[in-house]
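>>> this is a predicted model, with the sequence first.
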Number of protein chains: 2
Amino acid sequence: MKISQLLGERFKERAFEIESQNLMTRGGYMKQVGNGIYSLFAPTKRIQHKIERIIREEMDNIDGQEVLFPVVMPATLWQASGRYTSIGSEMCRFRDRSGADMVLGMTHEEAAVHMAMNVAGTYAKYPFMIYQIQTKFRDEPRARGGLIRVREFTMKDAYSFHTSQEDLEKYYERAYRAYERIFARVGVPEVIAVKSDSGMMGGSVSHEYMLLTDIGEDTIIICPECGFKSNVEAAECIVCNEKDDEIKPIEPVATYENKAIEEVAGFLGVEKNKMCKAVVYQRNEDDSYVLIFTRGDVEVNEVKLRNYLKAEVHPATEIDAAGLCAGSIGPYELKADCTVIFDRSLCGGTNYVCGANRDGFHMTGLNIERDLGEVEYVDLGKAIEGGVCPVCGKHSISVSNGIEVGNIFQLGTKYTEAMDMTYDDENGKRQHPIMGCYGIGVGRLIASVCQVRNDAYGPIWPISIAPWQVHICALRSDDENVRAAADKLYRDLTSRGIEVMYDDRSVSAGFMFSDADLLGVPVRVVISPKTIGRGMFELSTRDKSIKCDINPDEAVEKVLETISVLQSRIDEQVPQAK
Amino acid sequence: MKISQLLGERFKERAFEIESQNLMTRGGYMKQVGNGIYSLFAPTKRIQHKIERIIREEMDNIDGQEVLFPVVMPATLWQASGRYTSIGSEMCRFRDRSGADMVLGMTHEEAAVHMAMNVAGTYAKYPFMIYQIQTKFRDEPRARGGLIRVREFTMKDAYSFHTSQEDLEKYYERAYRAYERIFARVGVPEVIAVKSDSGMMGGSVSHEYMLLTDIGEDTIIICPECGFKSNVEAAECIVCNEKDDEIKPIEPVATYENKAIEEVAGFLGVEKNKMCKAVVYQRNEDDSYVLIFTRGDVEVNEVKLRNYLKAEVHPATEIDAAGLCAGSIGPYELKADCTVIFDRSLCGGTNYVCGANRDGFHMTGLNIERDLGEVEYVDLGKAIEGGVCPVCGKHSISVSNGIEVGNIFQLGTKYTEAMDMTYDDENGKRQHPIMGCYGIGVGRLIASVCQVRNDAYGPIWPISIAPWQVHICALRSDDENVRAAADKLYRDLTSRGIEVMYDDRSVSAGFMFSDADLLGVPVRVVISPKTIGRGMFELSTRDKSIKCDINPDEAVEKVLETISVLQSRIDEQVPQAK
């Protein structure tokens, strides 16, 4: 295709903080239609097709059957699983012309069970896996980062059905490997699988596939010593508290206007890890208060809190109403109407500073067991840098940010029980199948690759997913020799099935190269009066690893060779299928 | 893939009247999730992929760029074109969590203009065409026939942009040919293009691609003499009226309880074409009445009526309120508060029978000009069998039913003007681009092919879109020789890239063949103790055109040969691209 025909404008102005959003906007990859809703131009659609093909191959390799579920579903389907009420406003609901309640699919467990129901009534049919690649809509409150977090997106979602937990685990392992292969084939072999919390999906074991990058919204806990990896939401928080030699008496100290944990610590000259911090939440259902005490340097992990309370919560809005003294809440002589929980991070420490429940004062010398009696510690903290690895026990935890590009869940029988899908086992007994589910957001993956494969000038697309394989720049195409040579190369490559972007516009070299950089095509051939003058074309790769002159007579072969070098670099990183 | 793994059940019971719905339900192709909403099993998804590939190739061949528009769009986009209010309840609307009005895309002219706006500001960028293959939702009041008429469906929609009507027409011609090629490649070369009414899309010239079949909801007017083809909605209705030798006086006649046109004609012993029939509508906006007189054998074409009145109408509900005498409405001595229109079918006739505006009576001998004075005749009738062809003038019109499988429209500047999309022409003057749009419903096309390519036992899928190319039936797979031979053929074909459905279940021949018939795979190889006994496999085609024994050693080559024979039969029907 000629670049002059390509719809979408490329421009220089940086418009966004997040680099992938910036480059994909500047490069004419997408256009915002509404909050978190985008139209995709041809380059993005081409990348999407290639990623989808890789996903399909890997899903088919683990015996997946591609199907299609609807985007719009009757509410009755979601009422059957109970999620019509349990999911909040991120699920779009509307009434159709007949007045029936409908929803937009944000995930398709219910649809998968509906499809498989009545057509998998005997154990002999199991296991099986069905998957689709389809549009989903989630009414995200915080769409951001271009395609990183949107409301409408294309997703591959897969659902497997099993007759035993053992069989699910065996299949889960295959899916786990298939996912590793997918990310490696897409060109981001550095994606790691981390333990995760199952959230609204239900189920027990689950993993998220994370691409580590500073702009990631997820926090990943990694132990470089033993390889333990987890989303912070699912990670134990283990810290060590050493006992002071001298146990001090508990006594009040004036702290005046100092309220925030940093202010008090600074004012009193103690480390944050010697502070006993108070964090207040309210239960969504009745606005009742939940007060958590943690070590001063440990944050509350809301996911753990929800799981512990078995209730939805939000940060408290009016603390005074609970009889709490904002800025000076402490467990000693506390008089308030709320649930009080002690985070495990406080366990074993001595001589804490805490609020005195009196404006302008704190207590020093808090020794929990001595001053409060026995308390129950609960693990509600976010793991911290330098914390203890729950697997190998070393003080080795490191904290990174990551983008979740995929996830896999062992769902169990949550949906098959709720919707009463059954099969007859070998003994003719009715059983509920055990499910797994496996998702990849295609658009987010494109943006994520862009986020970690770029330079100052544009994306550097891996050859396996690049919108085109070769970009021909004909500089001074008004020069007869340049025109003839470039036209011929374009024809020859195209006829060999190579995808070529051809720039034969009458624009400056700078302009042309800047456009080429923004399109990020892996192999570039420059033909100009200068290269023709020395009887050559100039071949280079977008990643700058290769740059050489090639003989026009061998140009097609050299280009093919370069493509296969780039492809083999990707292939080397792909783990073998098992 | 082995048939034992395939999800979806095949069964014998006929459940539906329409054959494609029946076969696709019985064959495990789809499952209803809600009214007009289906999940698609693997065979349908595989067919869909193949059709989509054909469509993509043909769209790319006419310089299309594949893009992606959102399913969910902000209402503001549709307000900009005016269609937010002009389209009725077939468009789904809802509010998102922020309270913003949103719609589900049922077509994407607005989104296409939004995408192209600001990135095609100069004439040099034109023409260009963007297309997508995406899910759409239309809240159809009458979903029917399985995938024939649904609410959610996959559609290819394309939008072209031009700087002159001439250029649009040139491109329209290319799109027209591409569509002919698509339908021929899909295996239904008998699809015809007919003139159509542009309806809610706006614009002037448009064509629908129709597959003629009795179950089609559209009525197609064809002249076998000159090749004229049109949707009845867009076709002129021309009939001939001969003058009687004797002009009779107008006089009342008692018709007692006879009210319906057939009753009155029968009672008086006249042909329906000598009756002057009254049909009453009401304008949607103010319920005001519109009374149309047509010849007794001619129906009112509501599309023409709407276009003529430039207003939406519905059949009248309370006729009395207008002062009309139901069952006896006539134009002579009519006293009623309504718009009166005479259809052209009455022109030139003499001695009509009409209502007397008096219960139990009609008038005979109505001669319109003599009795009513000059009237204006308007063409509002549906063309009828044996009517006059508007092109060649012969009494040759034939009427058929058809399914609309695609359509193409010359839109003009309706959307670019409404949304103020402009470009600078050669003289630097701002102009609105001229648009065309081009749609194909993928799911409906699948069902339509099934509707016209089947026998009593199941679909007969054309090789170009069949879910698999070859179906191996291993009868008595417990027989060691059968098992070994079938396994080997399955492996050999698969390794050659052939898509194979393999049935190695321990079921009866009848059961196995009936499943194979329902899957409709074009090439079948039967391996049984009997065929092995004579040193052969049995090869046949689903369409029964080929049946022979093949030598196991040559089986792969013979299968490949058969596939290419079937494919070449399709290719022969494909018109050349221009």
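Cool, the structure landed.
>>> give the partner strands of the longest strand along chain A in its sheet and their orientations.
When chain A is parsed with DSSP state E, its longest strand is strand A:398-412. Strand A:398-412 has its sheet partners listed here by DSSP bridges as strand A:206-212 (antiparallel), strand A:218-222 (antiparallel), strand A:434-441 (antiparallel).
>>> in JSON lines, list those strands along with mean neighbour count and mean pLDDT.
Quick note: C-beta positions are derived from backbone N, CA and C, even for glycine. What follows is the strands paired with strand A:398-412, written out as JSON lines (neighbours: other Cβ atoms under 10 Å in any protein chain shown; pLDDT from 0 to 100):
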{"stretch": "strand A:206-212", "mean neighbour count": "24", "mean pLDDT": "95"}
{"stretch": "strand A:218-222", "mean neighbour count": "22", "mean pLDDT": "93"}
{"stretch": "strand A:434-441", "mean neighbour count": "25", "mean pLDDT": "97"}
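>>> in CSV: these, plus distance to B:S448.
Output for the strands paired with strand A:398-412, formatted as CSV (distance: least, Cβ to Cβ, whole Å):
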stretch, distance to B:S448
strand A:206-212, 41
strand A:218-222, 47
strand A:434-441, 33
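>>> hmm, back to that, next secondary structure after the longest strand of chain A?
helix A:414-418 (DSSP states H and E).
>>> does any part of that following helix sit near chain B?
No: Helix A:414-418 does not reach chain B (Cβ under 8 Å from any Cβ of the partner chain); its nearest approach is 14.7 Å.
>>> contacts for that helix next, please.
Here helix A:414-418 makes contact (Cβ atoms under 8 Å, 6 or more residues apart in numbering or on different chains) with A:80-82, A:109-110, A:112-113, A:161, A:202-203, A:421-422, A:432-435.
>>> one more time with 6 Å, if that's ok
For helix A:414-418, the surrounding residues in contact (Cβ atoms under 6 Å, 6 or more residues apart in numbering or on different chains) are A:81-82, A:109, A:113, A:202, A:432-433.
>>> go ahead and list the helix or strand containing the residue in chain A that chain B sits nearest to.
Nearest residue of chain A to chain B, counting by Cβ to the nearest Cβ: A:F94, 3.6 Å away. Per DSSP H and E, A:F94 falls inside strand A:93-95.
>>> check which residues of that strand are buried.
Using 16 or more other Cβ atoms under 10 Å in any protein chain shown as the test for burial, strand A:93-95 gives A:93-94.
>>> in its sheet, what does that strand sit against?
Counting by DSSP bridges, strand A:93-95 is paired with strand A:101-104 (antiparallel).
>>> tell me the bridge partners for the spatially closest residue to the residue of chain A closest to chain B that is not a sequence neighbour.
Nearest residue to A:F94, sequence neighbours excluded (Cβ to Cβ, 6 or more residues apart in numbering or on different chains): B:F94, at 3.6 Å. Beta-bridge partners for B:F94, by DSSP bridges, are B:M102.
>>> surely B:F94 touches A:R95?
No: checked against Cβ atoms under 6 Å, the pair B:F94 and A:R95 is beyond contact range at 8.4 Å.
>>> local confidence estimate at the closest residue to A:K12 other than its chain neighbours?
Once flanking residues are discounted, A:K12 sits nearest to A:R26: 7.0 Å by Cβ to Cβ, 6+ apart. pLDDT, A:R26: 96.
>>> next: A:I319.
84.
>>> tell me how many other residues surround it.
Look at A:I319: counted by other Cβ atoms under 10 Å in any protein chain shown, it has 20 neighbours.
>>> contacts only, for it.
A:280, A:326.
>>> for A:G88, see how far away it is.
A:I319 sits 24 Å away from A:G88 when distances are taken as Cβ to Cβ, to the nearest Å.
>>> quick check: mean pLDDT across whatever helix or strand A:S564 lives in?
Element membership of A:S564 [criterion: DSSP H and E] is helix A:555-571. What helix A:555-571 shows for mean pLDDT is 98.
>>> could I get it in CSV with only the CA atoms?
Output in CSV follows, covering the C-alpha atoms of helix A:555-571 (Å, rounded to 0.1, in the frame of the first residue of the first chain):
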residue,chain,number,x,y,z
ALA,A,555,17.2,-6.8,-2.9
VAL,A,556,14.2,-9.1,-2.6
GLU,A,557,16.4,-11.9,-1.3
LYS,A,558,18.1,-9.6,1.2
VAL,A,559,14.8,-8.3,2.4
LEU,A,560,13.4,-11.8,2.9
GLU,A,561,16.6,-12.8,4.7
THR,A,562,16.3,-9.8,7.0
ILE,A,563,12.7,-10.6,7.8
SER,A,564,13.6,-14.1,8.7
VAL,A,565,16.5,-13.0,10.9
LEU,A,566,14.1,-10.8,12.8
GLN,A,567,11.5,-13.5,13.0
SER,A,568,14.0,-16.1,14.2
ARG,A,569,15.1,-13.7,17.0
ILE,A,570,11.5,-13.8,18.2
ASP,A,571,11.2,-17.6,17.7
